[in-house]
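>>> following is a predicted model, sequence given first.
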Amino acid sequence: MSQIQLCFLWHMHQPLYKDLVTGRYRLPWARLHALKDYYGMVKLLDGFPSLHQTFNLVPSLLIQIEDYAEGRALDQFLTLALKPAEQLDRAEKEFILRYFFQANEANVINRYPRYAELFRKIRENEYNAERAAPQFDTQMVRDLQVLSQLAWFDEEYLTGDPEINDLVRKGRGYSVEDQALLGPKQTEALGKVLAIYRDFAERGQIELSASPLYHPILPLICDSNIGQTPHPYLPLPSQFAYPGDAEEQLLRARQYFADKFGRAPAGLWPSEGAISDQMLEIAARTGFHWTASDDGILAQTIGHEPMPADTYRPYLWKQGSRQIHLLFRDNRLSQFIGFVYSRMDPDQAARHFVSSVTNSCAPLLSRGESPIVPIILDGENAWENYAGNGRPFLRSLYRILSEDRRIVCRTISEALTGATARELTHVFPGSWIDANFDIWIGAEEDNTAWDLLLKARKKFDEVIGSPKGAAIPEQAREIAREELLIAEGSDWCWWYGPEHFSATRAEFDQLYRDHLGNVYRLLGEEAPGELGNSILRDSEAAIHELPSGFIQPVVDGKLTSRQEWQDAGRYKMTARSSFIHSRRPLIQELHYGTDGQNIFFRLDIAERALAGEPLSFHLRMRNREGEAFDLTVSPDAPPELNRSQCVPEACVTVAFAEFCEIRISMSLMHIRRGDPIFLQLTIYREGLPVSVLPPAGELELLCSPMTAFAF
């Protein structure tokens, strides 16, 4: 019987946060995600033995997990989390207040009432740690120290470990002994991570694939000028072309897996799905049998948007004597899990996914084929946006898949066995993001980072090839080389440029420059002065402009006059996201204001949002007493339907043309001039929530001009 071969690949990755010279871990994310994601994602499969999956592990992540598990790693974040609150000095207390709320508000912080209470206190102080410090007494700080760590423990520990469960139930008023318990508990948890991957791989339920050692964008390492192939005239840095480094990153990844798991991996998930002919040749030459990318790359390669028959099959890339199998992930279905289903009921989302898979594959099944459906995505960061760390959704999904005889979940190597592959002799170069490399090269900050890397790389070759190089101790030479490979990783340029934002962006910048500075230091050379200056050129611009006066726009969906929205407040969509990459916002700007009797909204919609299936916009508004008002509007709906049921026509007006304009009576929502209104805007397409503003919580707007508002 023909069956759908569903191939999940969960990509697990963190860059190396360790300074090899000082031995210090500068950021805590490898440790925290190891607590929250890596163990539980595999352990969950214990209840679903028929489901086989592929887990992609980046060696730079595993190296750090080993360090923590064996007591070789300690970061400042953990040190201060475990230090008795009574012993903290003022600077340490402010550090805790500045960094220990870096978690998803809705699903991580608000899960713990005391954590949410403390978060409200820092928010009242506009996230200013110095201002807030006097308001946090010793018990408040200790509760924050405990809860900021406890919140990252995997569901398996929260429910299955009696001591951790006791801390959760206690909720507040933690003791020094409670605080101290979190150290050994974290070490214990991290010690289980590599073991569970090894165990499930040995039993055959999962396949382990690898990425290059320190997660570089391999096509750019081979030749950075390839950045202009998908994006002609992109400004580029000086050419960086070190295919030998790309080969080393792959060979050492294979060796690491052979040492830790007893066998080299058959599969390669190239960093960010970035491929080119040159890197495929190197991957094949270094022993990989399969690799994968995105169906956007497939579209560029075959010259048209791929149909299911194009996407749901394997390819065999061949040039000369080299060959390697290729799969292209279903971007749409993968993005559903990464960005859409977190806003839906878990069971409903799971059923929608399975229905989408079977509907896409129906024509192929009817012809007696067994399509291979690759679902490839980040296996860690998405879950912060889900209730229960995504476990309710995954359990529901896995249960449905286990019972559906039309679908069999296989590892990628299992699916490729006996499958007929279509031959390719060339692939279009690009990554899983927009089929180009623009995230990592082309912006001023990106290009500066590449130029500094090139300068350090050339200095290394110059010194090692000189008489001076022979006198440098072997260990120093090896560490200098390692620092260069670390600096080739993709994560540094992920944060450079205009696309992404992080509260620790400056720390990433400093660590990158320190890695390069260590190269010069270890070689006994003076580091160039540029390494002392931040690469960051732009700051996150203010995205709110307050109303400067009353407004009286004509609600016709058009700019009737330049003055009608001139005094409105404005919320400008930022292009930056965070650890996972989404497309540019569908709503570019939200304008708002009042005439004293009505609230007006203007939604400026991106052109691409109007292509394809129609959008609808759901506005949930409430007053400070908690009374809620819902309004759903759609460009294709007749005016009478662009209102909630039982709402008088005189209270709401909606118009679509150049943009969407909305008028809502303040009396309808029992709001007076000067009162706040709390807004959340959700954008739907095909019944699915595809975007939400703000990403977490609500926008708080005050219904009078020249008054501040906050999140």
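Ah, there it is. Numbers count the residues shown, from 1 in each chain.
>>> hang on, residue 377 is in a helix, isn't it?
No - judged by DSSP: H, G, I helix; E, B strand; the rest coil, residue 377 forms no part of a helix; its state is strand.
>>> for the nearest residue in space to residue 447 that is not next to it in sequence, report the pLDDT, please.
Distances taken as Cβ to Cβ, 6 or more residues apart in numbering place residue 237 nearest to residue 447, at 3.9 Å, with adjacent residues excluded. Yep, even glycine has a C-beta here, placed from its N, CA and C like the rest. In this prediction, residue 237 carries a pLDDT score of 97.
>>> do residue 679 as well
So, for residue 679, pLDDT stands at 87.
>>> what about residue 198, distance to residue 57?
Between residue 198 and residue 57 the computed distance is 11 Å (Cβ to Cβ, to the nearest Å).
>>> list the beta-bridge partners for residue 326.
residue 291, residue 315 (DSSP bridges).
>>> how about residue 619?
If you apply DSSP bridges, the partners that residue 619 bridges to are residue 631, residue 681.
>>> please point out which parts of stretch 346-357 sit buried.
346, 349-350, 352-354, 356-357 (16 or more other Cβ atoms under 10 Å).
>>> okay, residue 198 and residue 57: which has more neighbours?
residue 57 (28 against 14; other Cβ atoms under 10 Å).
>>> how about the nearest residue to that one once chain neighbours are set aside, phi and psi?
Distances taken as Cβ to Cβ, 6+ apart place residue 12 nearest to residue 57, at 5.3 Å, with adjacent residues excluded. Main-chain torsions, residue 12, degrees, to the nearest 10: phi -110, psi 120.
>>> count residues in the vicinity of residue 12, would you?
The tally of other residues near residue 12 (other Cβ under 10 Å) stands at 24.
>>> residue contacts, it?
With contact set as Cβ atoms under 8 Å, 6 or more residues apart in numbering, residue 12 has these partners: 37-38, 41, 55-58, 61, 379-380.
>>> likewise residue 246?
212, 216, 218, 221-222, 279, 282.
>>> ditto for residue 66
Per Cβ under 8 Å, 6+ apart, neighbours of residue 66: 72, 194.
>>> quickly note the distance from it to residue 73.
Residue 66 is 9 Å from residue 73, by Cβ to Cβ.
>>> same question for residue 177.
Taking Cβ to Cβ, one finds residue 177 at 24 Å from residue 73.
>>> which one's more surrounded, these two?
residue 73 (23 against 7).
>>> which pLDDT value goes with that one?
So, for residue 73, pLDDT stands at 92.
>>> and it, that's in a strand?
No - Residue 73 is assigned coil when assessed by three-state DSSP, not a strand.
>>> wait, it touches residue 31, no?
Yes - using Cβ atoms under 8 Å, residue 73 is in contact with residue 31, at 7.5 Å.
>>> how is this protein divided into domains?
Here the domain parsing of the chain from automatic domain parsing is 1-209+261-430, 444-532, 544-702.
>>> and what about the residue lying closest to residue 136 once chain neighbours are set aside, helix, strand or coil?
Among residues not flanking residue 136 along the chain, residue 97 sits closest, at 6.6 Å (Cβ to Cβ, 6+ apart). Going by three-state DSSP, the secondary structure assigned to residue 97 is helix.
>>> list the contacts of residue 97.
Taking Cβ under 8 Å, 6+ apart as the test, what residue 97 contacts is 122, 129, 132-133, 136, 144.
>>> and the pLDDT for it?
Confidence score, pLDDT, at residue 97: 97.
>>> now it: how far from residue 105?
For residue 97, the distance to residue 105 - Cβ to Cβ - is 16 Å.
>>> equivalent analysis for residue 273, please.
Applying Cβ to Cβ to residue 273 and residue 105 gives a distance of 30 Å.
>>> so between the two, which is more surrounded?
Higher neighbour count among residue 273 and residue 105: residue 273, with 23 against 19, using other Cβ under 10 Å.
>>> so the more buried one sits against residue 374, correct?
No - using Cβ under 8 Å, residue 273 is not in contact with residue 374, being 10.7 Å away.
>>> which two among the contacts of residue 12 are spaced furthest apart?
Using Cβ to Cβ, the pair of the contacts of residue 12 lying farthest apart is 41 and 58, separated by 14.6 Å.
>>> nearest spatial neighbour of residue 481, skipping sequence neighbours?
Computed as Cβ to Cβ, 6+ apart, the closest residue to residue 481 that is not its neighbour in sequence is residue 460, at 7.0 Å.
>>> contact partners for the one you found?
480-481, 484, 519, 523.
>>> secondary structure element for it?
helix 444-464 (DSSP states H and E).
>>> now, the buried residues of stretch 346-357 that are in strands?
Assignment to strands by DSSP state E places none of the buried residues of stretch 346-357 there.
>>> show me where the protein dips below the pLDDT cut-off.
Flagging of the chain using pLDDT under 70 yields the residue ranges 538-543, 573-586, 607-613, 636-649, 686-687, 689-690, 695-697, 702-711.
>>> pretty sure residue 251 sits in a strand.
No - read with three-state DSSP, residue 251 is helix and lies in no strand.
>>> for it, give me its contacts.
Residue 251 touches residue 286, counting by Cβ under 8 Å, 6+ apart.
>>> from residue 264, how far off is it?
Taking Cβ to Cβ as the criterion, residue 251 is separated from residue 264 by 10 Å.
>>> how many neighbours does residue 169 have?
7.
>>> make 16 the starting number, not 1.
Yep, numbering from 16; the last one is residue 184 now.
>>> so how far is residue 329 from it?
Separation of residue 184 from residue 329 (Cβ to Cβ): 50 Å.
>>> please apply the same query to residue 690.
60 Å.
>>> so which of these two has more stuff around it?
residue 329 (19 against 16).
>>> surely that one and residue 431 touch.
Yes - using Cβ under 8 Å, residue 329 is in contact with residue 431, at 5.6 Å.
>>> list the residues that contact both of those two?
Between them, residue 329 and residue 431 share the contacting residues 305, 340, 387, judged by Cβ under 8 Å, 6+ apart.
>>> neighbour-wise, which one of those residues leads?
Per-residue neighbour counts (other Cβ under 10 Å) across the shared contacts of residue 329 and residue 431 peak at residue 305, which has 24 neighbours.
>>> find the nearest non-adjacent residue to it, please.
residue 340 (4.0 Å).
>>> now do residue 303
The shortest distance from residue 303 to any residue other than its chain neighbours is 4.3 Å, reached at residue 283 (Cβ to Cβ, 6+ apart).
>>> common neighbours of residue 88 and residue 46, please.
Residues touching both residue 88 and residue 46 by Cβ under 8 Å, 6+ apart: 40, 79.
>>> measure the spatially closest residue to residue 44 that is not a sequence neighbour to residue 276 for me?
Leaving aside its sequence neighbours, residue 44 sits nearest to residue 29 (Cβ to Cβ, 6+ apart; 5.5 Å). Distance, residue 29 to residue 276, by Cβ to Cβ: 18 Å.
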